[in-house]
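Asker: sequence unknown, structure follows:
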Ligand SMILES: Cc1ncc(COP(=O)(O)O)c(C=O)c1O
């Protein structure tokens with residue numbers, strides 16, 4: 001392929017432009033390389049399985065080449081990996097076909113038969129299901145721990161503990177974990193890898209590696225893609241953990257669709273402004289909900305009276321659009337009336353897209369600290385709409401809730 005020889009200022013390699021800049025600038029430049037792409041702003045999509053080698057010698061030594069086979073990646077997927085590593089402040093990244101695959105490949109890479117896993121009790125349900133099925137079938141011991149355990153996790157560490165898995169906040173119950181304390185305890189006990197599902201905060205709002213995490217996992221399906229139109233997972237590691245993660249990632253044959261990688265990289269360009277708006281809208285909705293007599297509690301760490309607020313303020317750079325609220329009481333018919341009468345809030349799983357969503361928020365899968373709320377709960381993803389319109393919609397939902405039996 002012909003490459004552009006010009007070294008004009010606005011074509012310069014992204015790496016030289018955004019070094020030491022703020023995240024809002026990094027998201028614009030990370031992973032881009034117009035100089036190698038005829039000046040075209042966005043890295044192109046390569047659809048590839050076969051890659052041809054020019055000589056028999058090149059074929060013999062193909063393993064050393066960066067682009068060798070579609071499954072191993074193309075310049076398009078490398079661009080996304082590079083951008084995520086840059087934003088996370090990690091070493092390297094690997095892509096997976098879904099967020100769940102990113103969670104499970106990380107666990108598979110660091111656990112073997114006879115090992116012990118410390119898993120946060122508030123973990124995303126399907127990750128928990130993976131522990132209960134595949135990991136247990138492989139003879140891996142799983143202990144669930146209280147998300148609020150902090151440094152006391154030291155008391156649960158056994159000689160065979162190999163991984164401490166965190167997710168902060170929990171995506172239904174919204175507990176904020178003391179990641180630095182958990183990580184310090186794990187590191188004090190030797191060869192333990194600390195993983196975090198960092199999907200809620202994204203690399204912009206939680207700097208996983210600065211807080212002692214070794215492996216940062218993202219369901220890029222959510223805020224990274226940001227438009228509810230692609231499934232994607234990304235795992236970023238520190239230098240020490242990369243080889244192990246990469247070996248298992250390769251051996252099971254994970255890769256992702258080139259168009260989805262493109263959408264994720266495009267999503268990153270607007271991540272900072274989108275998150276800002278998600279946060280603003282979430283705050284407006286949370287504050288309105290807090291004033292409702294029907295509402296027992298709003299679960300959003302950015303609220304000053306949220307139990308996780310202090311740690312959130314200490315460790316996070318912002319809050320995103322996902323939160324929950326619990327009502328004092330209500331029948332199923334009333335809950336359905338609320339759900340059916342808030343048309344701007346689509347009913348559907350997932351989150352992180354431009355549109356607002358609402359779903360019932362039944363927290364049932366707990367081993368350590370049961371969900372104690374008695375009334376119905378709902379999870380909202382605050383989208384990018386006008387917040388006044390969203391409030392008007394919620395008001396209608398609450399009116400219908402009151403009228404229903
Ligand atoms: C916190 C969290 N992690 C991981 C996932 C899995 O992502 P995906 O749906 O892309 O498999 C989800 C999906 O909802 C999630 O909420």
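Answerer: Good, I have the coordinates. The structure presented is a predicted model; accordingly, all values stated were derived computationally and were not measured.
Asker: what residues are up against residue 175?
Answerer: 122, 147, 148, 168, 169, 307, 308 (Cβ atoms under 8 Å, 6 or more residues apart in numbering). Glycine gets a C-beta too; all of them are placed from N, C-alpha and C.
Asker: can you pull the buried residues of the helix or strand hosting residue 185?
Answerer: Using DSSP states H and E, residue 185 maps to helix 179-188. Along helix 179-188, these residues count as buried under the neighbour rule (16 or more other Cβ atoms under 10 Å): 179, 180, 181, 182, 183, 184, 185, 186.
Asker: Which residues of the stretch 201-350 of the chain lie near the ligand?
Answerer: Contacts of the stretch 201-350 of the chain with the ligand, taken as Cβ under 6 Å from any ligand atom, map to 219, 221, 231, 233, 350.
Asker: taking the residues you listed as a set, which two sit the farthest apart in space?
Answerer: 233 and 350 (13.1 Å; Cβ to Cβ).
Asker: and these two? which has more neighbours close in?
Answerer: Between residue 233 and residue 350, counting by other Cβ atoms under 10 Å, residue 233 is the more crowded of the two (27 against 14).
Asker: Does the residue of the stretch 301-405 of the chain found nearest the ligand belong to a helix, a strand or coil?
Answerer: Closest residue of the stretch 301-405 of the chain to the ligand, Cβ to the nearest ligand atom: residue 350 (5.4 Å). Look at residue 350: counting by DSSP: H, G, I helix; E, B strand; the rest coil, its state is coil.
Asker: rewinding a little: for the helix holding residue 185, which helices and strands make contact with it?
Answerer: In terms of contacts (3 or more Cβ pairs under 8 Å, 6 or more residues apart in numbering; DSSP states H and E), helix 179-188 is packed against strand 161-167, strand 193-197.
Asker: does residue 172 sit in a helix or strand, and which one?
Answerer: Taking DSSP H and E as the definition, one finds residue 172 inside no helix or strand.
Asker: now the residue nearest to it when sequence neighbours are not counted, what's its secondary structure?
Answerer: Computed as Cβ to Cβ, 6 or more residues apart in numbering, the closest residue to residue 172 that is not its neighbour in sequence is residue 363, at 5.0 Å. Under three-state DSSP, residue 363 falls in the coil class.
Asker: What segments of the stretch 301-405 of the chain are helices?
Answerer: Taking DSSP state H, counting those that start in this stretch as the criterion, the stretch 301-405 of the chain contains helices spanning 309-315, 332-340, 387-403.
Asker: hang on, the earlier thing: now the buried members of the contacts of residue 175.
Answerer: 122, 147, 148, 168, 169, 308.
Asker: how about these in JSON lines, adding pLDDT and distance to residue 175?
Answerer: Formatted as JSON lines, the buried ones among the contacts of residue 175 follow (pLDDT from 0 to 100; distance: Cβ to Cβ, whole Å):
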{"residue": "122", "pLDDT": "97", "distance to residue 175": "5"}
{"residue": "147", "pLDDT": "98", "distance to residue 175": "4"}
{"residue": "148", "pLDDT": "97", "distance to residue 175": "6"}
{"residue": "168", "pLDDT": "98", "distance to residue 175": "7"}
{"residue": "169", "pLDDT": "98", "distance to residue 175": "6"}
{"residue": "308", "pLDDT": "98", "distance to residue 175": "6"}
